[in-house]
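Asker: just coords:
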Ligand SMILES: Nc1ncnc2c1ncn2[C@@H]1O[C@H](COP(=O)(O)OP(=O)(O)OP(=O)(O)O)[C@@H](O)[C@H]1O
């Protein structure tokens, strides 16, 4: 039990590090909060919540892995190195794919409801 609590402590240390040092991670957290608030406000269905939660977790996990690999790359190759650059570029590509997935998921779920809302208000 003590070991489990210790492991959670290390994990939270990692989350704190990512939040404190990575502006992109903070932006994703804010967008995730907005998506959850929109979900409540627009009364989305259970299956839609599952997609939103999947998209949020996917983006945050990829961003955390990107931060970890970036840190490891800086440790292994602090000087300019073409391969180090490639590693970071590929990881940045993964973040873009995850963010696009989340964007499309958000549009598919929220946009029709927002359009209906605007039409009703007009
Ligand atoms: N050691 C290196 N050798 C060669 N190119 C590098 C190196 N470090 C960074 N680069 C290049 O600079 C880009 C930006 O790297 P950097 O470490 O600044 O990431 P970042 O822009 O801060 O990423 P993030 O916004 O996710 O934190 C990389 O994608 C890569 O093309």
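Answerer: Yep, it's here. What you see is a predicted model; the values in this text were computed from it and never measured.
Asker: distance of the residue in the chain that the ligand sits nearest to from residue 63?
Answerer: Nearest residue of the chain to the ligand, counting by Cβ to the nearest ligand atom: residue 85, 2.7 Å away. The C-beta positions use only the backbone N, C-alpha and C, and glycine is treated the same way. Between residue 85 and residue 63 the distance, using Cβ to Cβ, to the nearest Å, works out to 19 Å.
Asker: for these two, indicate the residue with more neighbours.
Answerer: A side-by-side neighbour count of residue 85 and residue 63, using other Cβ atoms under 10 Å, places residue 63 first with 23 against 12.
Asker: wait, that one touches residue 95, no?
Answerer: Yes: between residue 63 and residue 95 there is a contact under Cβ atoms under 8 Å: 5.9 Å.
Asker: any residues in contact with both of those two?
Answerer: residue 24 (Cβ atoms under 8 Å, 6 or more residues apart in numbering).
Asker: now the helices for the chain?
Answerer: Taking DSSP state H to define them, one finds helices in the chain at 2-21, 23-41, 46-76, 82-121.
Asker: buried sites along the last one?
Answerer: Of the residues in helix 82-121, those buried by neighbour count under the rule 16 or more other Cβ atoms under 10 Å are 84, 87-88, 91, 95, 98-99, 101-102, 105-106, 109-110, 113.
Asker: can I get those residues in a markdown table including pLDDT?
Answerer: Putting the buried residues of helix 82-121 into a markdown table (pLDDT from 0 to 100) gives the following:
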| residue | pLDDT |
| --- | --- |
| 84 | 98 |
| 87 | 98 |
| 88 | 98 |
| 91 | 98 |
| 95 | 98 |
| 98 | 98 |
| 99 | 98 |
| 101 | 98 |
| 102 | 98 |
| 105 | 98 |
| 106 | 98 |
| 109 | 98 |
| 110 | 98 |
| 113 | 97 |
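Asker: for residue 27, state which of those is nearest.
Answerer: residue 99 (9.6 Å; Cβ to Cβ).
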